[in-house]
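Chemist: test case, fold it:
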Amino acid sequence: MSANPVRASLPDPVPGSFVFAALSAASGVMLGALSAHLPDRAFAVSNGRAILHSAVEIQMWHAVALCALSLNARRLSPRLIRLACLCMAVGMVLFCVPVILLALFNLKLGPVSVGRIAPYGGTLLMIAWCLAAASALRRPTGD
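Modeler: Below is the predicted model of the structure:
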């Protein structure tokens, strides 16, 4: 039996979002340390350190934002906040992972750099922010 029966009876509108965000932040700290301490020769491209730093910065800001959205989800429109959290999580993966792989390995998919995937992730991040704003404008009971 839960110590807080009210909390136990409310469904989580964004299951897994906080866990994903916390693990993203943990990996962001590790990648930030790599960015700061790896020698220049360890990067696969000439400006790899700056590229990795940019990916880490985006990852960390969005991990914090996803934590905040998850913790405040009950105050927001359930359908829109679920979609915002999903777009943010997928956007983080589609933006940060390719940029990190570019900086560290210059990975290619055939003749094309894996970094070409990043704009799709960035677009999803922008959509997520718009959905988060819309979820705050709609009353939770309106869904």
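
Chemist: what about His53, how many neighbours?
Modeler: 16 (other C-beta atoms under 10 Å). For glycine as for every other residue, the C-beta is placed from the backbone atoms N, C-alpha and C.

Chemist: pLDDT value on it, please?
Modeler: Per-residue pLDDT puts His53 at 97.

Chemist: how about it, nearest residue that isn't a chain neighbour?
Modeler: Ser35 (4.9 Å; C-beta to C-beta, 6 or more residues apart in numbering).

Chemist: if I pick that neighbour, what's in contact with it?
Modeler: 49, 52-53, 56 (C-beta atoms under 8 Å, 6 or more residues apart in numbering).

Chemist: so where's the protein shaky on pLDDT?
Modeler: For the chain, residues meeting the criterion pLDDT under 70 lie at 1-11, 139-143.

Chemist: so where does the residue nearest to His53 fall, helix or strand?
Modeler: helix 17-37 (DSSP states H and E).

Chemist: beyond that helix, next helix or strand please.
Modeler: Sequence-wise, the next helix or strand downstream of helix 17-37 (DSSP H and E) is helix 48-71.
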